[in-house]
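> turn this into a structure:
(2 chains)
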Amino acid sequence: AQSVSQHNHHVILSEAASLELGCNYSYGGTVNLFWYVQYPGQHLQLLLKYFSGDPLVKGIKGFEAEFIKSKFSFNLRKPSVQWSDTAEYFCAVRAGDKIIFGKGTRLHILP
Amino acid sequence: KAGVTQTPRYLIKTRGQQVTLSCSPISGHRSVSWYQQTPGQGLQFLFEYFSETQRNKGNFPGRFSGRQFSNSRSEMNVSTLELGDSALYLCASSLGPGPGNEQFFGPGTRLTVL
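Residues are numbered from 1 along each chain as shown, chains lettered A, B, ... in the order given. Predicted coordinates:
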């Protein structure tokens, strides 16, 4: 069965630290990949997406993600986090007609 | 442009009852998807509607159903509520189906089943 795994359920970092959130999926065919963010009290919103082409995609607010096909991974990165990045982050994979979300990673940034 | 709206925002029901949740997509969006969000399972896809037709369905029992109207507004219904149905139900709209169309999420309806 198709699945999406986010390895870290809860991450705590200090401001200016670098961030990498892991996402792995299981599906052998063509996929579209997404990272969503949910800030406290706000709606889910799209951070970035990968459909094809350059496997390194850049999103809003300085986030980027790299698609590594051989590893079935789509990790999210940010070189220097800010307190305002405190949120829950969801990786999602569209495989065929279905979209599957990971269980989310809660990121807490210490000021 | 107004975002996706969901009503009601909060709902408390008892086991065995049924509930109907409503979603109004962004103007011009014709595709609506529904998700269930719980702390243990994260976001799980319920179903997707486009042009009043259900295009996709997730792995939920038949107690969960939905429909879409000609104005693209959508409703989902859960019959014979169970305690485990307590969750945040999210609606997302997009211009059309398919991965090329970004989904915009609403604030959700928080359903509590007692």
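> tell me how many other residues crowd A:Phe74.
A:Phe74: 29 surrounding residues under other C-beta atoms under 10 Å in any protein chain shown. In short, each C-beta sits where N, CA and C put it, glycine included.
> equivalent analysis for B:Asn59, please.
9.
> for chain B, what spans make up the helices?
For chain B, no helices turn up when DSSP state H is the criterion.
> which residues of chain A lie near chain B?
Contact residues, chain A versus chain B (C-beta under 8 Å from any C-beta of the partner chain): A:32, A:36, A:43-46, A:49, A:51, A:90, A:92, A:94, A:97-104.
> which ones among those residues map onto strands?
Assigned to strands by DSSP state E, the following of the residues of chain A next to chain B qualify: A:32, A:36, A:44-46, A:49, A:90, A:92, A:94, A:98-101.
> only the buried subset of the residues you listed, as a ChimeraX command please.
The ChimeraX selection below is limited to those of these classed as buried (16 or more other C-beta atoms under 10 Å in any protein chain shown):
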select /A:32,36,44,46,49,90,92,94,99,100,101
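> quick check: the two most widely separated of the ones in strands among the residues of chain A next to chain B?
Spatially, the most separated pair among these is A:Gln45 and A:Lys98, at 21.1 Å (C-beta to C-beta).
> burial of the nearest residue to B:Gln41 once chain neighbours are set aside, as a residue count?
Computed as C-beta to C-beta, 6 or more residues apart in numbering or on different chains, the closest residue to B:Gln41 that is not its neighbour in sequence is A:Lys103, at 7.0 Å. For A:Lys103, the neighbour count with other C-beta under 10 Å is 19.
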